[in-house]
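Undergrad: Quick one, fold the following:
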Amino acid sequence: MRASPAPALLEVEHLTMRFGGLVAINDLCFTARRGEITALIGPNGAGKTTVFNCITGFYKPTEGRIAVAHGDARLWSELDALTLCGDRKLTRPDGALFLLERMPDHLVTRQAKVARTFQNIRLFSGMTVLENLLVAQHAPLMVASGFTLLGVLGFPSYARAERAAVDKARHWLALTGLIERADEPAGALPYGAQRRLEIARAMCTDPVLLCLDEPAAGLNPRESAALNDLILTIRDAHDTSVLLIEHDMSVVMEISDHVVVLDYGVKIADGSPAAVRNDQKVIAAYLGVADDEVEAAEAEVGL
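TA: Numbering: from 1, shown residues only. Predicted coordinates for the structure are as follows:
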């Protein structure tokens with residue numbers, strides 16, 4: 001008997017993003033489920049990073065609804081009521097429901113617990129490796145400090161929060177193989193180590209959904225294999241679902257549970273890695289040919 005699918009964590013419904021007369025994303029719908037790695041793939045210019053920017057609050061979509069639910073899956077039944085009432089979130093003792101298109105980026109991270117990395121690494125290069133992870137925890141530290149007063153006076157509550165932040169940072173440094181470099185400037189790390197540090201920084205916000213924008217870009221095969229292990233550990237050991245943009249198909253096909261394919265802002269495939277790999281529309285999009293020319297193009301390039 002086939003197991004029922006995991007509850008939805010993220011629902012993207014009829015997402016459209018226009019920049020003037022350019023339609024970057026057109027009526028996109030997909031679901032990312034709890035405990036799964038969902039890959040968003042497509043040729044250059046397909047609109048993948050635009051989707052990320054809409055999900056994480058950097059862009060306000062032209063149309064559509066983007067929702068995240070924590071806790072009890074029955075909260076999804078409240079989605080239409082939340083949409084109609086005009087609020088951005090619904091919180092209950094058993095969980096919370098968020099409409100991300102109504103939230104600024106800092107609240108998407110802090111309240112909805114959606115974190116991201118960037119295609120171009122954005123570390124604080126002059127800070128140490130450890131300090132980069134402490135900065136990611138500035139919000140709870142500021143609350144614990146009474147917005148500096150309790151920290152200045154040395155209250156025990158702030159000292160406990162500070163120790164907890166350092167412990168969390170060291171946990172992620174150990175997991176990413178960076179603990180020995182904690183006191184070095186982040187900008188002095190090799191490229192692959194900077195990629196891992198950016199993931200560690202995102203995880204210090206305790207996300208339920210981690211959005212990774214081309215994390216394997218520029219990595220050698222050994223580093224890509226280590227990245228696969230790290231992403232699987234994040235999913236399996238830290239109860240965090242992953243939404244992944246990636247051009248390295250060896251990464252996508254090895255670790256993804258679910259793949260969504262975009263071409264010119266339109267979804268052309270949605271399914272398991274095996275199904276997507278053999279989809280003629282996907283092959284045509286990557287080869288840059290019409291559907292009926294796929295076989296000839298494959299033969300020409302030796303596929």
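Undergrad: I'd like to know how far the nearest residue to Val252 once chain neighbours are set aside sits from Arg88.
TA: Setting aside the residues directly before and after it, Val252 is nearest to Ala39 in space (CB to CB, 6 or more residues apart in numbering), at 4.6 Å. In short, each C-beta sits where N, CA and C put it, glycine included. From Ala39 across to Arg88, the span is 28 Å (CB to CB, to the nearest Å).
Undergrad: same deal with Asp213?
TA: From Asp213 to Arg88 the distance is 24 Å (CB to CB).
Undergrad: Mind checking which of the two has more residues around it?
TA: The neighbour count for Asp213 versus Arg88, taken as other CB atoms under 10 Å, is higher for Asp213 (21 against 16).
Undergrad: List the contacts of that one.
TA: Asp213 is in contact with 48-49, 52, 116-119, 245, counting by CB atoms under 8 Å, 6 or more residues apart in numbering.
Undergrad: one more time with 10 Å
TA: Taking CB atoms under 10 Å, 6 or more residues apart in numbering, we find Asp213 in contact with 40, 48-49, 52-53, 56, 116-120, 198, 243-246.
Undergrad: helix/strand/coil for Phe52?
TA: What DSSP: H, G, I helix; E, B strand; the rest coil gives for Phe52 is helix.
Undergrad: Would you list the phi and psi of the nearest residue to Glu198 once chain neighbours are set aside?
TA: Nearest residue to Glu198, sequence neighbours excluded (CB to CB, 6+ apart): Thr117, at 4.7 Å. Backbone torsions of Thr117, given as degrees, to the nearest 10, read phi -110, psi 170.
Undergrad: if I read this right, Thr117 contacts Arg195, doesn't it?
TA: Yes - counting by CB atoms under 10 Å, Thr117 does reach Arg195; the two are 8.0 Å apart.
Undergrad: Do a quick rundown of the strands in this structure.
TA: 8-19, 22-33, 37-41, 63-71, 89-92, 95-99, 114-116, 209-213, 241-245, 258-263, 266-271 (DSSP state E).
Undergrad: For the shortest one, which outside residues touch it?
TA: Counting by CB under 10 Å, 6+ apart, the neighbours of strand 114-116 from elsewhere in the structure are 9-10, 52-53, 55-58, 66, 68, 98, 100, 103, 105, 107-109, 136, 198-199, 201-213, 240-241, 243, 245.
Undergrad: how about a cut-off of 8 Å?
TA: Here strand 114-116 has contacts from 52, 55-56, 68, 100, 108-109, 202-203, 205, 207-213, using CB under 8 Å, 6+ apart.
Undergrad: How about the last one?
TA: Strand 266-271 has contacts (CB under 8 Å, 6+ apart) with 26-30, 258-262, 275-276, 279, 281-282, 285.
Undergrad: Check the second one too.
TA: Contacts of strand 22-33 with the rest of the structure, by CB under 8 Å, 6+ apart, involve 5-18, 38, 47, 50-51, 54, 61, 64, 209, 241, 243, 257-258, 260, 262, 265-267, 270.
Undergrad: Can you list the buried residues in it?
TA: Going by neighbour count (16 or more other CB atoms under 10 Å), the buried part of strand 22-33 is 23-26, 28, 30-33.
Undergrad: Can you spell out which residues form a bridge with Leu40?
TA: In this entry, Leu40 is beta-bridged to Ile245, Val260, by DSSP bridges.
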